[in-house]
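S.K.: my questions concern the predicted model and sequence given below.
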Amino acid sequence: MDDLRLLREVERDRPLRTLEELAAQRSLLLEATRADPAGVRAHPTRRTRPAGVWAGWLGTARRRLWAVFAAAVGTLAVVAAAMLLLVPGKGGGDQPARSGSATEAILVLQRAAAKQAGLPDVVPRPDQFVYTKTGGPGGFREAWWSVDGTRDGLIQGSTGVTTPVAGCRDGRAAAVKGDEFVPGKTEPCTPSPAYQPDLPTDPDAMMAYLYQHGGEPGDPNATGKAVLTLLQEQYVRPPAREALFEAAARIPGLRLIPNVTDGAGRTGVGVAWSEAGKNGLLIFDPKDYSLLDSGTGAGGDAVIRQAIVNEVGQRG
């Protein structure tokens, strides 16, 4: 097991360390390295002490030395693990060097993945709809997307304007002009399902899927955009979402952005794969690691609610 994997396993269920906690651990380490057990400096000789006394003293000194050594090593291990969260790592071989916050970003994604195991796993029927409510600087939007892409959906904005979404049946879809269908007119189409039942549930297979759908090995932005495509206004079941977050943790150059605001004004912790998250990031609730936003933060739209419903107009 490599050091990073070990750190993830140890830290999976623990909150991220604060600067104050790290400072306290450093102080403990310094104290332990400076410690000098009482009595060690007095070097008795065999001439002045009986053999039994000498043996007893030596045993006590050894125990004290081992206790100090164990404390120092234990503290050093804690500090070393904590320092991995703050000090830039050095990549080995063809592994890219990670920034100081990369390990924290990976831990957040690992915890977000673990959270999926406890969520209800709803399997939608083909005749249902994925209801999604998003909010951003421009107001909110509600959308009803056909699960299999063959049924007519709807998009409704906060101003009340509605836009029909034509389902694709037998390669043809009703033509849409403005906010209504054009009677008797159709156009060629390809179904765009809001749910993909065959999404991988294994991290390796999910990474391969991302590479097949826009991602590229060694290109964080392309792979990150493939992650966002799956999360934005599509329904991803918990097992597949767990694999998706595990795969996202492998994107090179990850960085943590603390105290970032999503499109709905909520504050969370962001995981970005580009500088300052300008081209995309995931924002999680820092308390339970639920996904708040998948986009570009305050300038974009955040998913406020998502549900599987039986017909257009229902909100779950």
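M.R.: Nice, I can see it.
S.K.: so is residue 111 in a helix, a strand, or just coil?
M.R.: Assigned with DSSP: H, G, I helix; E, B strand; the rest coil, residue 111 falls in the helix class.
S.K.: hmm, it is touching residue 287, no?
M.R.: No. Residue 111 is not in contact with residue 287 according to Cβ atoms under 8 Å; the separation is 10.8 Å. In this view, the C-beta of every residue, glycine as well, is placed from N, C-alpha and C.
S.K.: residues contacting residue 151?
M.R.: 127, 129, 167 (Cβ atoms under 8 Å, 6 or more residues apart in numbering).
S.K.: so what's residue 288 closest to, chain neighbours aside?
M.R.: residue 115 (6.6 Å; Cβ to Cβ, 6 or more residues apart in numbering).
S.K.: likewise residue 314?
M.R.: Using Cβ to Cβ, 6+ apart, the closest residue to residue 314 is residue 131 (6.6 Å).
S.K.: which helices and strands does whatever helix or strand the one you found lives in pack with?
M.R.: Here residue 131 sits within strand 129-136, counting by DSSP states H and E. Contact here means 3 or more Cβ pairs under 8 Å, 6 or more residues apart in numbering; DSSP states H and E; on that basis strand 129-136 packs against strand 139-146, strand 302-309.
S.K.: least confident of those, on average?
M.R.: Of all the helices and strands packed on strand 129-136, strand 302-309 carries the lowest average pLDDT, namely a mean of 90.
S.K.: mind listing what's buried in it?
M.R.: Residues of strand 302-309 classed as buried by neighbour count (16 or more other Cβ atoms under 10 Å): 302-304, 306, 308-309.
S.K.: and those, which is closest to residue 197?
M.R.: Nearest to residue 197 out of the buried residues of strand 302-309 is residue 308 (Cβ to Cβ; 12.8 Å).
S.K.: residues in contact with that closest one?
M.R.: So residue 308 contacts 122, 124, 128-131, 147, 235, 316 (Cβ under 8 Å, 6+ apart).
S.K.: what do you get if the cut-off is 7 Å, keeping everything else the same?
M.R.: 122, 124, 128, 130, 235 (Cβ atoms under 7 Å, 6 or more residues apart in numbering).
S.K.: any chance of those in TSV, with neighbour count too?
M.R.: What follows is the contacts of residue 308, written out as TSV (neighbours: other Cβ atoms under 10 Å):
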residue	neighbour count
122	11
124	19
128	21
130	22
235	25
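S.K.: report the contact partners of the residue nearest to residue 288.
M.R.: Contacts of residue 115 by Cβ under 7 Å, 6+ apart are 288-290.
S.K.: neighbour-wise, which of the residues you listed leads?
M.R.: Counting neighbours by other Cβ atoms under 10 Å, residue 289 leads those with 21 neighbours.
S.K.: show me the protein divided up by domain.
M.R.: Listed by automatic domain parsing, the domain ranges of the chain are 3-100, 110-121+197-304, 129-193.
S.K.: before we move on, which element is residue 241 in?
M.R.: helix 238-248.
S.K.: in the stretch 201-316 of the chain, which spans are helices?
M.R.: Ranges of helices in the stretch 201-316 of the chain, per DSSP state H, counting those that start in this stretch, are 203-212, 220-231, 238-248.
S.K.: between the last one and helix 203-212, how many degrees?
M.R.: Spelled out, it's helix 238-248. Counting by axes from the mean of the first three to the mean of the last three Cα atoms, to 10 degrees, helix 238-248 lies at 70 degrees to helix 203-212.
S.K.: list the contacts of helix 238-248.
M.R.: Residues contacting helix 238-248 (Cβ under 7 Å, 6+ apart): 109, 112-113, 116-117, 119, 121, 199-203, 206-207, 210, 227, 230, 236.
S.K.: residues near the nearest residue to residue 243 once chain neighbours are set aside, how many?
M.R.: Closest residue to residue 243 apart from its sequence neighbours, by Cβ to Cβ, 6+ apart: residue 206 at 4.1 Å. Applying other Cβ under 10 Å, we find 24 residues neighbouring residue 206.
S.K.: gap between residue 206 and residue 305?
M.R.: 25 Å (Cβ to Cβ, to the nearest Å).
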